[in-house]
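# Kindly generate the corresponding structure for this input.
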Amino acid sequence: MARGQQKIQSQQKNAEKQAKIKKQQGGPNQKDTAAVALKFSCAVCKAQMPDPKTYKQHFENKHAGKDMPEELKDVTV
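Next up is the predicted model:
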């Protein structure tokens, strides 16, 4: 029984130690990683999209009454 409790305490201590090391390293977080993937920004509503196909679909669906930007006219969906 005693060894089981020691094992749990050791695992918790190790998890805290690993979390502290990870926090100190300060690697990229999810928000920064997602921002890198979003390369296209809608000229009308400033929404961000990852690729021109998605951008064109967004523009056709959300801003149908507006003139399409030049960079989207040659994109095929």
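# Show me how far whichever strand or helix holds residue 35 is from its chain's centre.
Using DSSP states H and E, residue 35 falls within helix 30-37. Chain-centre distance of helix 30-37: 4 Å, with CA atoms, centre = their mean, to the nearest Å.
# what helices or strands is the helix or strand just after that helix leaning on?
Counting by DSSP H and E, the element after helix 30-37 in chain order, helix or strand, is strand 40-41. In terms of contacts (3 or more CB pairs under 8 Å, 6 or more residues apart in numbering; DSSP states H and E), strand 40-41 is packed against strand 48-49, helix 52-62. Where C-beta positions appear, they are placed from N, C-alpha and C, glycine not excepted.
# Quickly note the distance from the residue most central in space within the chain to residue 22.
By CA atoms, centre = their mean, the chain has its centre lying nearest to residue 34, at 2.3 Å. In this view, residue 34 and residue 22 are 19 Å apart by CB to CB, to the nearest Å.
# Which parts of stretch 10-19 count as buried, going by neighbours?
For stretch 10-19, a neighbour-count test (16 or more other CB atoms under 10 Å) marks nothing as buried.
# How about residues contacting it?
Under the contact criterion CB atoms under 8 Å, 6 or more residues apart in numbering, stretch 10-19 has no outside partners.
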